[in-house]
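S.K.: task: produce atomic coordinates for the following.
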Amino acid sequence: MASPASQPAAPGASVRRERDAQEHTVVVLEGRLDAFTTGSIWSEALGLAEAASGGELVVDASGVDSCDGAGASLLLALQQRQQGRVPR
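M.R.: This next block holds a predicted model:
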């Protein structure tokens, strides 16, 4: 049996901004959105959403491998930011 130190590291979470064909801001989430990784991208993801400046925001989570409560909280916070309610 392999020790935990010899196992490959689990992928983290990443976020980036793109524009779609209609020039909407797209926040692209990839990797694991869980209690161990979501905190590292939280501020950046909300900042990218805020940069949409009232325009259409699309969240692309098609590259998310897994999502727990922390990841769901980030998705909800992105929705609230788009609706003009700043999450606490």
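S.K.: is residue 41 in contact with residue 27, as I believe?
M.R.: No. Judged on CB atoms under 8 Å, residue 41 makes no contact with residue 27 at a distance of 10.1 Å. Every C-beta, even on glycine, is put in place using the N, C-alpha and C of the backbone.
S.K.: compare these two (neighbour count), which wins?
M.R.: residue 27 (24 against 21; other CB atoms under 10 Å).
S.K.: listing partners with orientation, what would you give for the helix or strand hosting residue 27?
M.R.: In this structure, residue 27 sits in strand 25-33 according to DSSP states H and E. Applying DSSP bridges to the sheet, strand 25-33 is found paired with strand 13-19 (antiparallel), strand 57-67 (parallel).
S.K.: give me whichever of those strands is most buried.
M.R.: strand 13-19 (a mean of 17; mean count of other CB atoms under 10 Å).
S.K.: any idea of the mean pLDDT for it?
M.R.: Mean pLDDT, strand 13-19: 94.
S.K.: ok so, going back, would you list the strands paired with strand 25-33 in CSV and tack on distance to residue 82?
M.R.: Output for these, formatted as CSV (distance: least, CB to CB, whole Å):
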stretch, distance to residue 82
strand 13-19, 14
strand 57-67, 5
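S.K.: any idea which of those gets closest to residue 47?
M.R.: For the strands paired with strand 25-33, the distance to residue 47 is smallest for strand 13-19, at 9.3 Å, taking CB to CB.
S.K.: show residues contacting the closest one.
M.R.: 25-34, 37-38, 40-41, 44-45, 48, 51, 60, 71 (CB atoms under 8 Å, 6 or more residues apart in numbering).
S.K.: export it to PDB, keeping only CA atoms.
M.R.: Taking C-alpha atoms only, strand 13-19 is exported to PDB below (Å, rounded to 0.1, in the frame of the first residue of the first chain):
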ATOM      1  CA  ALA A  13      -9.100  24.800  -8.400                       C
ATOM      2  CA  SER A  14      -8.500  27.500 -11.000                       C
ATOM      3  CA  VAL A  15     -10.500  30.400 -12.400                       C
ATOM      4  CA  ARG A  16     -10.100  32.600 -15.400                       C
ATOM      5  CA  ARG A  17     -12.100  35.200 -17.400                       C
ATOM      6  CA  GLU A  18     -13.000  34.800 -21.100                       C
ATOM      7  CA  ARG A  19     -15.400  36.500 -23.500                       C
END
